[in-house]
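> Structural data only, the sequence is not supplied:
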């Protein structure tokens, strides 16, 4: 399979797709947001929830260990 075959295949697929029904201002807003995000890494905020969850689980596990130790005495 060559690049030309890929181009032809994509052309065929694109003809079957429905036309985008956006007004110009909405399309510009979407394009602007997409351009702003290009080249940026993921937001650091996405690490907050897993970190908080890990801290809660560590606390819970420590409590479980303490309760098991109390039960064994």
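Looks like it came in fine. Keep in mind that this is a model prediction, so the values were computed, not measured.

> The residue minimising distance to the centre of the chain is in what secondary structure piece?
Ranked by distance to the mean C-alpha position of the chain (CA atoms, centre = their mean), the top residue is residue 42 at 8.4 Å. Counting by DSSP states H and E, there is no helix or strand that carries residue 42.

> For it, give me the pLDDT.
On the pLDDT scale, residue 42 is placed at 81.

> Need phi/psi at it.
In terms of degrees, to the nearest 10, the main-chain angles of residue 42 are phi -70, psi 150.

> gap between it and residue 17?
Relative to residue 17, residue 42 is positioned 29 Å away (CB to CB, to the nearest Å). Every C-beta, even on glycine, is put in place using the N, C-alpha and C of the backbone.

> cool, and residue 28?
21 Å.

> Just want to know which of these two has more residues nearby.
residue 28 (11 against 7; other CB atoms under 10 Å).

> how about the helices in the chain?
Assigned by DSSP state H, the helices in the chain fall at 3-16, 24-37, 48-72.

> Can I get those in TSV including mean pLDDT?
Below are these laid out as TSV (pLDDT from 0 to 100):
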stretch	mean pLDDT
helix 3-16	86
helix 24-37	89
helix 48-72	97
